[in-house]
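[1] return a 3D structure for these sequence lines:
(chains A, B, C and D)
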2 protein chains.
Amino acid sequence: MRKGEETRVRILEVAEAAVLAKGFGGTSIDELIAETGITKSGFFYHFRDKNELAKALLYRYIEADEKIYDDIFGRARELVDDPLQSFLLGLKLLSELLADLPNGHPGCLVATMCYYERAFDREIQAINREAALMWRRRFRGMFEEITAVHTPREPLDVDQLADMVSTVVEGGIVISKALKEPRALADQVLVFRTLVKLLFHPM
Amino acid sequence: MRKGEETRVRILEVAEAAVLAKGFGGTSIDELIAETGITKSGFFYHFRDKNELAKALLYRYIEADEKIYDDIFGRARELVDDPLQSFLLGLKLLSELLADLPNGHPGCLVATMCYYERAFDREIQAINREAALMWRRRFRGMFEEITAVHTPREPLDVDQLADMVSTVVEGGIVISKALKEPRALADQVLVFRTLVKLLFHPM
DNA sequence: GCGACTCCTGTACCGGCGGTGCGGTTCCCT
DNA sequence: AGGGAACCGCACCGCCGGTACAGGAGTCGC
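    Here you go, the predicted structure:
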């Protein structure tokens, strides 16, 4: 890794923590450069403006997020053959991972950007939309495999069912933060897991 | 209503729309007073600082939110005797209400404040927590009534089940905003409704 | 060894924003 | 007529995002 790349990553790390804690508008560049140990000029060498910082943060976050899902559900796929059982195991692993976060989930950058909407340019909104669509595609694929083997007790649109995974995670993060109960998120994932299990439970 | 109260409410209305659209940090006081047609001094006559504006916004929002839930689930309770059927009807009515919002759900202020955390004082965090607990109490009451009559096919904690309603709404809002599909929120509520129906479906 | 490029630092400056302070002024209520 | 509620007007502060530009240290190929 080149030296410039190192600095860039360091800025992004500091910025991600700050943005998730205080929101994007609540995070000042002065504060970021103080903690990173560079100057303002240095910051603007790496990012044209705050908007470009947001973009870089989002890309980084989504990439890491995708990797986590790849790992968890990939491992679940290896361990269990049946797509339903594999998905349920994946949710269990996800729940455990979320429960093990020391200070609770730090928050989702996609959600943060959603609640900042008009202050950003269209490109960021497009990235955000693409992230949500990636989640949808991922879980729709799983539900398609499941419905190929198991008949749901009630007919449900696979896209909507897939979105429900994201909904539960995003909603769980909000409720968890509001309640100041870090466990809540992991619990919500488990409740959803039980409901999915019931949906495909043989008559 | 006194004249001062009128102005105060007008500021709050303008502020709520702006905050939900651009986040709290992205909303400037100058912008609020321009749209409200008062001066900066006038604004600070009503609110000591931006923090107090946030508090007033939250109180107002939560009150309106509670009223909506009271109306919807109160009406559902009148129309149907069985607590399960009544709750399912309530979710249906809620879904319809959400689907009829012309530009989609404007966003939840509680969630906005969650993603702004450390920038606010403890009081606001406490109000936020209280809002989430109010939701929990409301829906736990309903699930207790339901479980008194119907046996769930899987044992689930009533608090966690109650939180699931808030989770689906909050998560649905985020996903809906990210996808730029206003329908998504209403659909997620309906998917949740189907899952609850299955949970209490007789064997 | 030289030039070019990367990766910054330093300094100066701008306008917007949150916020303070304080001296009016208008209008309604008693 | 007096007083408080509900503002207006204006001056001022420090922080923040952003611009502009000059310069310097290290690295690389030639």
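[2] for chain A, which residues are neighbours of DNA strand C?
    A:2-8, A:37-42, A:45-46 (Cβ under 7 Å from any atom of the strand). Every residue, glycine included, has its C-beta placed from N, CA and C.
[3] so whichever residue of chain A sits closest to chain B versus DNA strand D, what's the distance?
    Using Cβ to the nearest Cβ, the closest approach of chain A to chain B is made by residue A:25 at 2.1 Å. Distance of residue A:25 to DNA strand D, computed by Cβ to the nearest atom of the strand, to the nearest Å: 8 Å.
[4] let me see the contact set for that residue.
    By Cβ atoms under 8 Å, 6 or more residues apart in numbering or on different chains, the contact list for residue A:25 reads A:116, A:119, B:23, B:24, B:25, B:26.
[5] do that again at 6 Å, thanks
    Neighbouring residues of residue A:25 by Cβ atoms under 6 Å, 6 or more residues apart in numbering or on different chains: B:23, B:25, B:26.
[6] so which bits of stretch A:182-200 are buried?
    A:182, A:184-200 (16 or more other Cβ atoms under 10 Å in any protein chain shown).
[7] the residue nearest to residue A:123 when sequence neighbours are not counted sits in which helix or strand?
    The shortest distance from residue A:123 to any residue other than its chain neighbours is 6.7 Å, reached at residue A:55 (Cβ to Cβ, 6 or more residues apart in numbering or on different chains). Taking DSSP states H and E as the definition, residue A:55 sits inside helix A:50-79.
[8] now swap in residue A:181 and tell me
    Going by DSSP H and E, residue A:181 is not part of any helix or strand.
[9] what are the phi and psi angles of it?
    Backbone torsions for residue A:181, taken as degrees, to the nearest 10, come to phi -120, psi 100.
[10] ok, it - how many residues close by?
    Residue A:181: 16 surrounding residues under other Cβ atoms under 10 Å in any protein chain shown.
[11] report pLDDT for it.
    Here, the pLDDT recorded for residue A:181 equals 96.
[12] any idea of the pLDDT on residue A:21?
    Reported pLDDT at residue A:21 in the predicted model: 82.
[13] kindly report the same for residue A:57.
    95.
[14] tally of neighbours for it?
    23.
[15] same check on residue A:163?
    28.
[16] how much space between residue A:5 and residue A:11?
    Distance, residue A:5 to residue A:11, using Cβ to Cβ, to the nearest Å: 11 Å.
[17] between those two, point out the one with more neighbours.
    More neighbours surround residue A:11 than the other of residue A:5 and residue A:11, with 23 against 10 (other Cβ under 10 Å).
[18] contacting residues around that one?
    Residue A:11 sits in contact with residue A:36, where contact means Cβ under 6 Å, 6+ apart.
[19] sec struct for it, please.
    With DSSP: H, G, I helix; E, B strand; the rest coil as the basis, residue A:11 sits in helix.
[20] now do the phi/psi pair for residue A:107.
    phi 120, psi 160.
[21] I'd say it and residue A:19 touch.
    No - using Cβ atoms under 6 Å, residue A:107 makes no contact with residue A:19, being 8.6 Å away.
[22] show me which residues of chain A are close to DNA strand D?
    So far as Cβ under 7 Å from any atom of the strand goes, chain A lies against DNA strand D at A:27, A:28, A:29, A:30, A:31, A:40, A:41, A:44, A:48, A:49, A:50, A:51.
[23] the residue nearest to residue A:79 when sequence neighbours are not counted: which element?
    Closest residue to residue A:79 apart from its sequence neighbours, by Cβ to Cβ, 6+ apart: residue A:89 at 6.4 Å. In this assignment (DSSP H and E), residue A:89 forms part of helix A:83-99.
[24] mind checking which of residue A:107 and residue A:19 has more residues around it?
    Taking neighbours as other Cβ under 10 Å, residue A:107 and residue A:19 compare with residue A:19 leading, 25 against 22.
[25] I'd like to know how many residues surround the residue nearest to residue A:123.
    Neighbours of residue A:55 under the rule other Cβ under 10 Å: 18.
[26] domains for chain A, by residue range?
    Residue ranges for the domains of chain A, per automatic domain parsing: A:1-47, A:58-199.
[27] any chance of these in a markdown table, plus distance to residue B:15?
    Shown next, in a markdown table, are the domains of chain A (distance: least, Cβ to Cβ, whole Å):
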| stretch | distance to residue B:15 |
| --- | --- |
| domain A:1-47 | 15 |
| domain A:58-199 | 15 |
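[28] among the contacts of residue A:25, which lie within helices?
    Secondary structure assignment by DSSP state H places none of those in helices.
[29] which one of those sits closest to chain A?
    residue B:25 (2.1 Å).
[30] apart from its neighbours in sequence, what residue is nearest the closest one?
    residue A:25 (2.1 Å).
[31] residue A:199 too?
    residue A:152 is the one closest to residue A:199 (Cβ to Cβ, 6+ apart), at 5.3 Å.
[32] how about the one you found, secondary structure?
    Taken by three-state DSSP, the conformation at residue A:152 corresponds to coil.
[33] number of residues surrounding it?
    Other residues near residue A:152 number 18, with proximity taken as other Cβ under 10 Å.
[34] same thing with residue A:40?
    11.
[35] same check, this time on residue A:129
    Neighbours around residue A:129, by other Cβ under 10 Å: 17.
[36] the host helix or strand of it to helix A:83-99, inter-axis angle?
    Using DSSP H and E, residue A:129 sits within helix A:122-149. Going by axes from the mean of the first three to the mean of the last three Cα atoms, to 10 degrees, helix A:122-149 is angled at 140 degrees with respect to helix A:83-99.
[37] which secondary structure elements does helix A:122-149 contact?
    With contacts taken as 3 or more Cβ pairs under 6 Å, 6 or more residues apart in numbering or on different chains; DSSP states H and E, helix A:122-149 sits against helix A:50-79, helix A:83-99, helix A:109-114, helix A:158-179, helix B:158-179.
[38] of those helices, which is nearest residue B:76?
    Among the helices and strands packed on helix A:122-149, the nearest to residue B:76 by Cβ to Cβ is helix B:158-179 (13.4 Å).
[39] are that closest one and chain A in contact anywhere?
    Yes - counting by Cβ under 6 Å from any Cβ of the partner chain, contacts between helix B:158-179 and chain A involve B:160, B:163-164, B:166-168, B:170-172, B:174-175, B:177-179.
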